[in-house]
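Q: Show me how the following folds:
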Amino acid sequence: MSLIFWQFKISAPKLAPQVNIYGSVTPDMEDKKSVLIALGANLTFGDMLPEETVLRAIRGLREGGLHLIVCSPLYRTPCFPAGAGPDYVNAAARVAAPRGMTAADVLAILHAVEADFGRKRDTRWGMRTLDIDLLAFGDAVLPDLATYRHWRDMSTEMQVIAAPDRLIVPHPRMHERAFVLVPLGVVAPEWLHPVLGQSVASLLAALPAADRAAVQEIVGPSAE
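A: From the prediction side, this is the model:
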């Protein structure tokens, strides 16, 4: 299997034998925590275009100890916030965390992969070579419901200057963002938000049509 983009082609991540890339979990994965992840990039890293960076980052998740269940196609989306830089390449992945791995352990893997691709945390919502967000860790609400609600309800103006000093899951803004929900709708449409009580498909349908239309699929995986 390979993934093809414009003028270049790279090998897709090699999947462990127990993984079904179409999304079903085989019996020996039933004791693992389902984790939802969003990926994005809008800057080149060396000679790698953002498309290639995102694909290689997905492979890095597997190499870090997470079991890839399914990943979405790649999408081109307007930079957020508008006018902040080049368009993004976005994707989503559903992975399984082995028994005993905590949300903090998963976040450490994501940060390590980001660092491998030159991620720097100098500017809130700034341009980046790679951004990986932990959207959900099963149905956990961390660190607690009150903290989640504090960040979910924070004004956009405050979000620009304030960043959490701890992991917040589910991601407090995921339900508002088409660039998250469009690819997530491919890999986990029936996942229920543990606070809002709505599925990814329902959250996506509630977004303005113009927001959904702005997220354009680049190309999907193809078999050779």
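
Q: R94 belongs to a strand, doesn't it?
A: Yes: the assignment for R94 by DSSP: H, G, I helix; E, B strand; the rest coil puts it in a strand.

Q: Would you check how far apart K120 and L43 are?
A: 10 Å (CB to CB, to the nearest Å). For the C-beta atoms, the positions are set from N, CA and C on the backbone; glycine is no exception.

Q: And the two? Which one has more around it.
A: L43 (19 against 10; other CB atoms under 10 Å).

Q: For the more buried one, give me the pLDDT.
A: Looking at L43, its pLDDT reads 93.

Q: just to revisit the earlier point, what touches both of K120 and L43?
A: Common neighbours of K120 and L43 (criterion: CB atoms under 8 Å, 6 or more residues apart in numbering): R128.

Q: is C71 in a bridge, and if so with what?
A: A93 (DSSP bridges).

Q: what's the neighbour count on it?
A: For C71, the number of neighbouring residues by other CB under 10 Å comes to 27.

Q: quick one: it from L61, how far?
A: 9 Å.

Q: Kindly spell out which helices and strands sit in contact with the helix or strand that contains G40.
A: Using DSSP states H and E, G40 maps to strand 33-41. Secondary-structure packing of strand 33-41 (3 or more CB pairs under 8 Å, 6 or more residues apart in numbering; DSSP states H and E): helix 50-63, strand 88-97, strand 131-137, helix 178-187.

Q: What is the last one packed up against?
A: I take that to be helix 178-187. With contacts defined as 3+ CB pairs under 8 Å, 6+ apart, the packing partners of helix 178-187 are strand 33-41, strand 67-71, strand 74-77, strand 88-97, strand 131-137, helix 200-205, helix 209-213.

Q: now do 6 Å
A: strand 88-97, helix 200-205 (3 or more CB pairs under 6 Å, 6 or more residues apart in numbering; DSSP states H and E).

Q: Name the residue closest to the centre of this structure, please.
A: A38 (0.6 Å; CA atoms, centre = their mean).

Q: Count the neighbours of the nearest residue to that residue once chain neighbours are set aside for me.
A: With CB to CB, 6 or more residues apart in numbering as the criterion, A38 has its nearest non-adjacent residue at 4.5 Å, and that residue is D133. D133: 18 surrounding residues under other CB under 10 Å.

Q: Please shift the residue numbers so they start at 590 in all later answers.
A: New numbering, starting at 590: the last item is D722.

Q: Contact partners for the closest residue to A777 other than its chain neighbours?
A: Leaving aside its chain neighbours, A777 sits nearest to R683 (5.2 Å; criterion: CB to CB, 6+ apart). Taking CB atoms under 6 Å, 6 or more residues apart in numbering, we find R683 in contact with 625, 658-659, 776-777.

Q: can you put the helices and strands packed on helix 767-776 in CSV and add distance to G654 and mean pLDDT?
A: What follows is the helices and strands packed on helix 767-776, written out as CSV (distance: least, CB to CB, whole Å; pLDDT from 0 to 100):
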stretch, distance to G654, mean pLDDT
strand 677-686, 8, 96
helix 789-794, 25, 98
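
Q: looking at the ones you listed, which is closest to M763?
A: helix 789-794 (8.1 Å; CB to CB).

Q: Thank you kindly, that will do.
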